[in-house]
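Colleague: What follows is a predicted structure for the sequence shown.
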Number of protein chains: 2
Amino acid sequence: MLKFSIMKRSDDCHPTIFLMSIIQTKSVADQVEEVLRERIRNATYLAGNRIPSESELSDELGVSRATVRTVLAKLAVNGLIIRKQGDGTYVNARVQEVSAHAGNLWDLVRLIENNGSKASIQPLLISEKAASEKEAQVLALETGEPLVQFKRLFLADQRPVILANNVVPLSFFRVPLEQIDGQLHFREILHQYCHQEIGFVITDIHSALAADEVRQVLKNQSALTVLELHMAFYSRNNQPLAVGLNYFDDSALRLSLVQAWS
Amino acid sequence: MLKFSIMKRSDDCHPTIFLMSIIQTKSVADQVEEVLRERIRNATYLAGNRIPSESELSDELGVSRATVRTVLAKLAVNGLIIRKQGDGTYVNARVQEVSAHAGNLWDLVRLIENNGSKASIQPLLISEKAASEKEAQVLALETGEPLVQFKRLFLADQRPVILANNVVPLSFFRVPLEQIDGQLHFREILHQYCHQEIGFVITDIHSALAADEVRQVLKNQSALTVLELHMAFYSRNNQPLAVGLNYFDDSALRLSLVQAWS
DNA sequence: AAGTGGTCTAGACCACGAC
DNA sequence: TCGTGGTCTAGACCACTTA
């Protein structure tokens, strides 16, 4: 019913909107979000200008005002729009160029793509190793228990920007290591080969001198320092899934966050 | 009406809840959030356990299920609870010790307090200076125009952890610089002395070698590197308000983010 | 089958800003 | 005063998990 309302008006929109509502069965709210993001991207709603009111949008798109509001709230948190009580909702141009919206800090591919670059993953090493003391502690294992180590290089437009090091307990794997596709998103690796879903991630950000090995791999001659992203992945059941240590070349890629007030 | 429902049951709750609902006129959702956060904090809801269902909570607290849901959604984004369709909502113990919940990265005081330390601010310098080229660019001014510079040291339990450097155009100030209280939150400084409200902040995170001056001030003998937080403050009208350059001693204070999936 | 969270609606009232 | 976003309600239906 809701989907239908959007489809009826699909001639007003970009054709892809129409396709998506057939191919995927996205929620109404997600469809509305797509429409609004697209209108901001293609300047149907001009930067700095006021967009239609909540009631107008809910009439036009054939959804309730509550649904429109959940979408607008999400866009406001991401800083894409600015809402003013008693006045209206405005497009925020300044924010569109920003890379990480905090929600996707751990999704390195999206982070690179949000920077405006083409992301690719180059697997360097997939092999067994024994758990270090620290790894064992986070993963709730004994030191020395077997892990699978993923050493991968993330490229932005062919330029190396992040050296990622992730380890997963060997016991999670349902397939031989040889069958693993090292170019998949880490989330996909855990899903396909371990049948595990990521529930949440805790990331610690540190500054450090770049080790020689890291500098060589990142081809970073100028900068002496790198950002270290220490990540711990957990399932929705609070079970530790993986530990990540990522070396981030902040001279090649911006790590920026938007924080909207209230 | 809603407030009244909570007040009626205030004998079940911590006394402060009752007071708050009188002193401040918080929204119903905020009051519900306070109650739930308190119950998680004081282990009324045990870590790892399931909390009452949405319907039970809405009955008990006398609010609609929708209101309960908006609160639970917020807590889930912060990682404090984990929601499972068809099952229930669970308390996530792992996340409670984490410092920055992305939303308050620019609020350095809250960041320190979330780390479990007592925060204090020590003003080092408040004075006029001319805008550098870069500062002028962000603030949409001409190079050399007068700024007010705030150099301040943030302490966690008396230990220096962040050296903050903020500049604001002099033209914003309605009072002589001598009257400024350098221990206020930066948000308060802009509010009280400039009548400006922060709409959003864009923060770039970089890694850098610590300059000698910075190391001396931070009393950081061991670590050679610091995190640099480059911040740009804007009003809700998209007007640039201030530029910040903060040196963050990541060996003394964790900068960690939680990201919950979906 | 029962109970949970996920989604959406229609309508109400309020607080605020601009005119 | 009017229109905007802010808040909240009551109730509906769906998808999912568990038993």
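Modeller: Thanks, I have it.
Colleague: where does chain A dip in pLDDT?
Modeller: A:1-25, A:96-103, A:262 (pLDDT under 70).
Colleague: can you give me the strands in it?
Modeller: Taking DSSP state E, the strands of chain A run over residues A:50-51, A:81-84, A:88-91, A:119-130, A:146-156, A:159-169, A:200-209, A:225-234, A:240-248, A:256-260.
Colleague: which helices and strands sit right next to the fifth one?
Modeller: Think strand A:146-156. Applying 3 or more CB pairs under 8 Å, 6 or more residues apart in numbering or on different chains; DSSP states H and E, we find strand A:146-156 packed against helix A:108-114, strand A:119-130, strand A:159-169. C-betas here are computed from N, CA, C, even on glycine.
Colleague: What lies in contact with the longest one?
Modeller: The reference is to strand A:119-130. If you take CB atoms under 8 Å, 6 or more residues apart in numbering or on different chains as the criterion, strand A:119-130 is touched by A:108-110, A:112-113, A:143-156, A:158, A:167, A:170, A:177, A:180, A:182-184, A:217.
Colleague: Redo the strands of chain A as CSV? Include distance to residue B:226 and mean neighbour count.
Modeller: Below are those laid out as CSV (distance: least, CB to CB, whole Å; neighbours: other CB atoms under 10 Å in any protein chain shown):
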stretch, distance to residue B:226, mean neighbour count
strand A:50-51, 41, 17
strand A:81-84, 32, 19
strand A:88-91, 36, 20
strand A:119-130, 28, 14
strand A:146-156, 24, 19
strand A:159-169, 21, 21
strand A:200-209, 6, 21
strand A:225-234, 9, 22
strand A:240-248, 15, 22
strand A:256-260, 18, 22
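Colleague: of those strands, which approaches residue B:258 most closely?
Modeller: strand A:200-209 (5.6 Å; CB to CB).
Colleague: does any part of the closest one sit near chain B?
Modeller: Yes: with CB under 8 Å from any CB of the partner chain as the criterion, chain B is reached by strand A:200-209 at A:200-209.
Colleague: Mind listing the residues bridging to the spatially closest residue to residue A:165 that is not a sequence neighbour?
Modeller: Of all residues not flanking residue A:165 in the chain, residue A:245 sits nearest, at 4.5 Å (CB to CB, 6 or more residues apart in numbering or on different chains). With DSSP bridges as the criterion, residue A:245 is bridged to residue A:165, residue A:230.
Colleague: Could you check how far residue A:245 is from residue A:76?
Modeller: Counting by CB to CB, to the nearest Å, the separation of residue A:245 from residue A:76 is 34 Å.
Colleague: now do residue A:153
Modeller: Noted for residue A:153: a distance of 36 Å to residue A:76, by CB to CB.
Colleague: residue contacts, the residue located most distally from the centre of chain A?
Modeller: The C-alpha centroid of chain A is most remote from residue A:86, which lies 33.9 Å away (CA atoms, centre = their mean). By CB under 8 Å, 6+ apart, the contact list for residue A:86 is empty.
Colleague: One more: residue A:224?
Modeller: A:209-210, B:209.
Colleague: unless I'm mixing things up, residue A:184 is touching residue A:192, no?
Modeller: Yes: between residue A:184 and residue A:192 there is a contact under CB atoms under 8 Å: 7.1 Å.
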